[in-house]
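Novice: Next come a sequence and a model predicted from it.
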There are 2 protein chains.
Amino acid sequence: MKDNSNLYSKLGVSASKQEVHDAIKDVDKGIYPGAFCKIVPDVSNREDYCSLFHADGAGTKASLAYMYYKETGDLSVFKGVVRDAIVMNTDDILCVGANGPVFLSNTIGRNNKIITGKIISVIINEYSNYSKELSSMGMNVIPCGGETADMGDVVKSLILDATTFTSMKRNDVIDASKINKNDIIIGFASFGMSNYEQEYNSGIGSNGLTLARHGTLCHLYYHKYPECYDASLDEDFVFFGEYELTDKVDELKSSIGKALLSPTRTYTPLILEILNRYREKISGIIHNTGGGQTKVLHFSSGLNYIKNNLFKIPPIFKIIQESSKTSWKEMYQVFNMGHRLEIYCKESLSKDIIRISKKYGVEAQIIGHCEQFSNTNKNHMEITTPYGIFEYE
Amino acid sequence: MKDNSNLYSKLGVSASKQEVHDAIKDVDKGIYPGAFCKIVPDVSNREDYCSLFHADGAGTKASLAYMYYKETGDLSVFKGVVRDAIVMNTDDILCVGANGPVFLSNTIGRNNKIITGKIISVIINEYSNYSKELSSMGMNVIPCGGETADMGDVVKSLILDATTFTSMKRNDVIDASKINKNDIIIGFASFGMSNYEQEYNSGIGSNGLTLARHGTLCHLYYHKYPECYDASLDEDFVFFGEYELTDKVDELKSSIGKALLSPTRTYTPLILEILNRYREKISGIIHNTGGGQTKVLHFSSGLNYIKNNLFKIPPIFKIIQESSKTSWKEMYQVFNMGHRLEIYCKESLSKDIIRISKKYGVEAQIIGHCEQFSNTNKNHMEITTPYGIFEYE
């Protein structure tokens, strides 16, 4: 009998990243140690400014794009993973209130026997195109080139990483250490179709893809795509789900493959408008990436984060859970489960902030609130779900 | 009979990167299109300044460090590959005359089943330590954190990338498009022991490691480290050399493994002093990375680069050639073969520039000169070697 507990860890991914947190414990935390991103003194030595240098990527979603492309011939899925790599950066830096101009660099690692020049060309062009799209939303993104490395001995298929650099006024920094017991939590939907997207977004984002791939896709791919999983994994945990990539699923309004590859939604236009009006009144903004709904546990201290009014779970996460048999408690630690961005502020601001979000076609609602937890620095979280109340710390 | 022609390409690496050059042909080249690095307008909008956002990494050398660590238990080799990742950036940006402060971000991709938290800790700490070392040489490097991603389905072992951001005065930019027919070429040794290094440096740098690993290490590792090569490679080309990692080789003053892992020498202290004196008189500086000795073919136009007085070939490259049977012509396209940095300038400066270099314990000499080649934009190169004169274009 297969044991599906701690599934993500069995697949070689640490959701809590405890080892990484341990490794960086002695590393300088920058000038706002409690902020969502590391912030350093200004690149141009201006005393009232500071700089951010931020790195993130599309993770294993790029390998899924490769599989989908092989199955369908659809090259456009590589555009989606470029967006993932960019948005994983821009939406992180929005959390500290940075609004650009943002300088962007990209790193591509590929196995050149399977990732062709044609694919590289689509990828490099999309770094330019999506930078223009974000710029048209008000976040000026300046692509600065990057590096493409052929390294088939290390990269089985494809890696897309992006790095961003920006400067901002110190007075404008949103420092998540200011999140406090009087704050409510507004959640912004990761799914649906905003008025700045051209397609329905499943809400998946760029986190949990290792679990989502193996937990939904069927074992047919075990033999077909040995280049798309770690050969040292137990075969029982490789592509052990129920679906083929092109299987249509009614609730998803698309194939399972397309839904898993749905590009990470940016919150750029609505956050820029919200910052414009309420910047100094916002305690913190959290991007629910690695760690899913529990991300905020790393920020502020001595708080109990009560999340008791989450969005209805988007279909993609239900399908992943049903197909993979991941515990519901773990699902909330790996995936965003419906909202990928949270604003922490006084309740009095919530009505207008929610109104702004809806104007852009992005659902938003108060999903919970903060309470004093204890006299220690530890944080705690309770999430009310259709499957029980889960506690995390 | 095994055919060892175009060996690097058979191993899945393109030395010329033609596909990448094709893919970026329509991408904006920045404000100094002929410079060694892409240069963009200043991050802080100062008209007389410009910014550079640069990305590079340790490539497949990280996978070799992992093998050596498994064989010997020596964790310190991971420090070396961190230096590689950093120096591949800093020495590139030195080529346009940037002298800091330099902001540094790192991206680590790992298979967490084999790359432990202990290894990650060594790596992350070395990003701090080596930044301090470069700062003590006069190039202020500010580590800004980074991202560590567990992605065993894509990364077989370990990837170390680094990204750097800096700003500089436009008047200070060294633009390699100014290299001209009246220039001589000074080469700076990649090997030996400078007075700012603690160990003899083999000169290998961070390029050509895929060929160097497979061409020198013996087939014993084919079965022992399947996580260290592309499973789709022809077995004949995987670890087909003569050596075990810990085999001592007299000429190398170390084991073959240690010599291959010799950290990329930085030219920071001597280049800073040279820039200080002769910045405005230098036509171009070239870092012989991907493309080896032929790198400069991408810069300036209508020139014939005559390289007829190269350093005696360092032992590591002779060993790689003998063991791998790579053609000598290809060797010069993959490896630096003895000097990793070149300054293009009038002959009258050479004496003092060479004197400065030797003061730091780095051998330097005039290795060639430039001539008019044709009335087209094409460049051409002739390298005089002990094995004949090789031509490239």
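Specialist: Okay, I see it. Owing to the predicted nature of the structure, the values given are computational and were not obtained by experimental measurement.
Novice: how many neighbours does A:Leu349 have?
Specialist: Other residues near A:Leu349 come to 17 when the count uses other C-beta atoms under 10 Å in any protein chain shown. (Glycine included, C-beta is placed from N, CA and C.)
Novice: same check, this time on A:Val20
Specialist: 22.
Novice: hang on, it in a helix?
Specialist: Yes: assessed with DSSP: H, G, I helix; E, B strand; the rest coil, A:Val20 lies in a helix.
Novice: I'd assumed B:Thr148 was in contact with it.
Specialist: Yes: at 4.6 Å, A:Val20 counts as touching B:Thr148 under the criterion of C-beta atoms under 8 Å.
Novice: number of nearby residues for the one residue in the stretch 101-250 of chain A that gets nearest to chain B?
Specialist: Nearest to chain B, among the residues of the stretch 101-250 of chain A, is A:Gly117, at 3.3 Å (C-beta to the nearest C-beta). A total of 18 residues lie near A:Gly117 under the criterion other C-beta under 10 Å.
Novice: Check what pLDDT it gets.
Specialist: Listed pLDDT for A:Gly117 reads 93.
Novice: and it, what does it touch?
Specialist: Contacts here follow C-beta atoms under 8 Å, 6 or more residues apart in numbering or on different chains; on that basis A:Gly117 touches B:19-20, B:22-23.
Novice: quick one: the closest residue to A:Asp236 other than its chain neighbours and A:Leu245, what's the gap?
Specialist: The shortest distance from A:Asp236 to any non-neighbouring residue, by C-beta to C-beta, 6 or more residues apart in numbering or on different chains, is to A:Lys2 (5.4 Å). Separation of A:Lys2 from A:Leu245 (C-beta to C-beta, to the nearest Å): 23 Å.
Novice: Hmm, A:Phe78 is touching A:Tyr69, no?
Specialist: Yes: with contact defined as C-beta under 8 Å, A:Phe78 and A:Tyr69 form a contacting pair (6.9 Å).
Novice: Now do the shared contacts for these two.
Specialist: Common neighbours of A:Phe78 and A:Tyr69 (C-beta under 8 Å, 6+ apart) are A:Ile119.
Novice: Those two: which has the busier surroundings?
Specialist: Ranked by neighbour count (other C-beta under 10 Å), A:Phe78 and A:Tyr69 place A:Phe78 first, with 26 against 20.
Novice: Whichever strand or helix holds A:Cys50 near chain B at all?
Specialist: Secondary structure assigned from DSSP states H and E places A:Cys50 in strand A:49-57. Yes: with C-beta under 8 Å from any C-beta of the partner chain as the criterion, chain B is reached by strand A:49-57 at A:49, A:51-57.
Novice: pLDDT value on the nearest residue to A:Tyr278 once chain neighbours are set aside, please?
Specialist: In space, and not counting its chain neighbours, A:Tyr278 is closest to A:Leu349: 5.7 Å by C-beta to C-beta, 6+ apart. pLDDT recorded at A:Leu349 is 98.
Novice: In a helix, A:Ser283, correct?
Specialist: No: applying three-state DSSP, one finds A:Ser283 to be strand, outside a helix.
Novice: A:Val87 is in what secondary structure piece?
Specialist: Judged by DSSP H and E, A:Val87 forms part of helix A:77-94.
Novice: which neighbours does the helix or strand just after that helix have in its sheet, and in what orientation?
Specialist: Toward the C-terminal end, the helix or strand that comes next after helix A:77-94 (DSSP H and E) is strand A:102-110. Here strand A:102-110 is paired, per DSSP bridges, with strand A:141-150 (parallel), strand A:158-169 (antiparallel).
Novice: Nearest to B:Glu280, out of those?
Specialist: B:Glu280 lies closest, by C-beta to C-beta, to one member of the strands paired with strand A:102-110: strand A:141-150, at 25.7 Å.
Novice: circling back to that earlier point, intersection of neighbour lists for A:Val20 and B:Thr148?
Specialist: B:Ile120.
Novice: So for B:Gly208, which of the strands paired with strand A:102-110 sits nearest?
Specialist: Across those, closest to B:Gly208 is strand A:141-150 (C-beta to C-beta), at 11.9 Å.
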